[in-house]
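Novice: Dropping a prediction and its sequence here:
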Amino acid sequence: MININKNNLINDPSPYLQQHKDNPVNWQVWSKKTLELAKEKKLPILLSVGYASCHWCHVMAHESFEDQETSKLMNELFINVKVDREERPDIDYVFQSSYQIFNQAGGGWPLTMFLDENGVPFSGGTYFPKVQQHGLPSFKEVLIKISDVYKEQREKILKQVNLVKESLSLKKNSVINQDLIPIVDETLLYLDPINGGYKGAPKFPTFNVFETLLYYYNKTKDKKYLIPIETLLKNLCSQGIYDHVEGGISRYTVDEKWLVPHFEKMLYDNVQFISLISKYLKIKNNSYFQNKLIHTINFLLNNFQNSEKLMGSAYDADSEGEEGKYYTFTYEEIKDIKDINLYYEVNPSGNWEGKIILKELQNPNEEILLKLKHLRSKKIKPFFDDKSQLDLNCIWVSSLISSYQTLKDKRYLDLAETFFLNLKKKYKDEKLYHSYSDNFVFLEDYAYYIKMLLDLADTTMGLEYKQKAEKLCIIAIDKFYDKNKNIFQKNMLLNDDLFFNPIDIGDGTISNGNSIMLNNLVRLGLLDQAEKLSQSLFGYLNFYKRLMLSSLQSLDYFQEIKGGKNCSNDGCEI
């Protein structure tokens, strides 16, 4: 029996939940038992979703979840549930989608959702401040208002479940084929021709968009698809989003010129960065990009490996209670480094809050780099979330394979095979699971594992890799494929701790699982199954084309193979 009068996070292995185990909030983990308790008590649920390296999650925690008065209100009025979005991406997907429908705006983290006693959302937000500011109500005001609304309108709220489910259900039409290039060309209109990436700020790399453009360049040899990739890579490699001392990129920048990063470093960004550079270098040699490729691979090898000999998830933006302290320098720290101003933009007044974010003017010499590394070594490193996520580790292996194909250095293929063996050791008999709990596995875990096996098979000509991929593809269809909708579900079909079964066809931080599975089916020669999935994706395309950029690649690849072309999934020449 759960004791709801205490914080029950202490035994959960998630680094994010461990950060909250000492809060005075009576946090519960997401489980059937917790949901049953809410129903029994007829209390609404406060669902808080975040992740260990999330800056604004930390801010809200310090302001509200560590505050006795706020916590007392939460404990009196709600069943309070904490979720690590990286442990349960299906929960995050369902409630981010709900937030977007309720608020007609993009979501984010921390996600703060209010659910009825059956786990169905009826209101929500993201970050709420402790006191009123910037047009946002205080969190305590929100808690009281939401609780009052639930008490007064409980019966009405409980009856909204079908309306919420209908709102979350994806629209689809019967179109089973259409020209994809106009959709790709429309995407070009939203890109920043000067700085790269999408226009405006904040700026995210959105690598799946540029992987798709690369595919269409390989297909058409039209430079309008290649130029945006060059522009993006040039800026990512030289501006402040790139860590010029140790390597790797931050998650995004708050400005449109890629100068001022939100300093957290994610595995998913860096492995996709490696993949995009390595694929670009197959087309066009560029020593500057090649240096950044090798630098970033070495950064991950030196900093992201965990005790399982796999890759962890992320580094925090903050250290010593200050955002970006580890990554920035004062003018006094670096002014005496000889000729540093020839290689980096160095102004006495700094370029961010009086500090200096390194912006590279040209490749520095080794002596300058060593001095910068020495200065940084005196600082306290940000917190490392060492959680292994299966899908991201598979993308890492695939990115090493792509790097081997580009650099022609067998060390990278050896590394790819070593990391695969480490995965094999963890997931015995191919019993896959996403992170800590072996009860949860998601479509992306299977999709990227199969893709990794096929990449290994194509590169090494090892038959055993393809045989494993075939076996796992059959299991994935059995676990995730909804035969009524001809689409893969995000979580397992038999999962029953959510009020809604999520179908996800849009790209997020990584390319969508349905898109990757379509590529996998084609590469395995399962063209009948691929036909059904492609028709389904075409049905969604008219409604969600701006969210489905990776599907534009996989749909075209399937059509080319079906048409009898002998080509790779990097692109088929016309």
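Specialist: That came through, no problem. Residues are numbered from 1 along each chain as shown.
Novice: buried set for stretch 170-182?
Specialist: Buried residues in stretch 170-182, counting neighbours by 16 or more other C-beta atoms under 10 Å, are found at 170, 172, 180. Quick note: C-beta positions are derived from backbone N, CA and C, even for glycine.
Novice: so which of those comes closest to Glu345?
Specialist: When the buried residues of stretch 170-182 are ranked by distance to Glu345 (C-beta to C-beta), Leu180 comes first, at 41.1 Å.
Novice: residues contacting the closest one?
Specialist: 552, 555-556 (C-beta atoms under 8 Å, 6 or more residues apart in numbering).
Novice: try Met452
Specialist: Met452 touches 394-395, 397-398, 420, counting by C-beta under 8 Å, 6+ apart.
Novice: which stretch of helix or strand covers it?
Specialist: Using DSSP states H and E, Met452 sits within helix 443-460.
Novice: mind listing what's buried in the helix or strand following that helix?
Specialist: Scanning forward in sequence from helix 443-460 by DSSP H and E, the next helix or strand is helix 463-480. Across helix 463-480, burial judged by 16+ other C-beta under 10 Å covers 465-466, 468-470, 472-473, 476-477, 479-480.
Novice: buried subset of the contacts of Leu180?
Specialist: Those of the contacts of Leu180 that meet the buried threshold are 552, 555-556, by 16+ other C-beta under 10 Å.
Novice: the domain parsing of this protein - what is it?
Specialist: According to automatic domain parsing, the chain comprises the domains 15-168, 181-318+386-562, 327-378.
Novice: closest to Lys6 out of those domains?
Specialist: For Lys6, the closest of the domains of the chain is domain 15-168, at 5.8 Å, according to C-beta to C-beta.
Novice: Need the distance between the two termini of the closest one.
Specialist: 30 Å (C-alpha to C-alpha, to the nearest Å).
Novice: Now it: average pLDDT?
Specialist: Across domain 15-168, pLDDT averages out at 96.
Novice: how close does His434 sit to Phe538?
Specialist: Distance, His434 to Phe538, using C-beta to C-beta, to the nearest Å: 29 Å.
Novice: what about the helices in the stretch 451-574 of the chain?
Specialist: Listed in chain order, the helices of the stretch 451-574 of the chain (DSSP state H, counting those that start in this stretch) span 463-480, 513-523, 527-544, 549-562.
Novice: by contact count, what packs against the first one?
Specialist: Pointing back at helix 463-480 there. With contacts defined as 3 or more C-beta pairs under 8 Å, 6 or more residues apart in numbering; DSSP states H and E, helix 463-480 has these neighbours: helix 443-460, helix 513-523.
Novice: Let's have those in a markdown table, adding distance to Asn495 and mean pLDDT.
Specialist: Formatted as a markdown table, the helices and strands packed on helix 463-480 follow (distance: least, C-beta to C-beta, whole Å; pLDDT from 0 to 100):
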| stretch | distance to Asn495 | mean pLDDT |
| --- | --- | --- |
| helix 443-460 | 11 | 98 |
| helix 513-523 | 15 | 98 |
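Novice: out of these, deepest packed?
Specialist: Ranked by mean neighbour count, the helices and strands packed on helix 463-480 are led by helix 513-523 with a mean of 26 (mean count of other C-beta atoms under 10 Å).
Novice: tell me the angle of it relative to helix 443-460?
Specialist: Between the axes of helix 513-523 and helix 443-460, defined by axes from the mean of the first three to the mean of the last three C-alpha atoms, to 10 degrees, the angle is 30 degrees.
Novice: Nearest the geometric middle of the protein, what residue?
Specialist: What sits nearest the mean C-alpha location of the chain, by C-alpha atoms, centre = their mean, is Thr509, with 3.2 Å.
Novice: Please, which helix or strand holds the closest residue in space to that residue that isn't next to it in sequence?
Specialist: Once flanking residues are discounted, Thr509 sits nearest to Tyr268: 5.0 Å by C-beta to C-beta, 6 or more residues apart in numbering. Using DSSP H and E, Tyr268 falls within helix 267-283.
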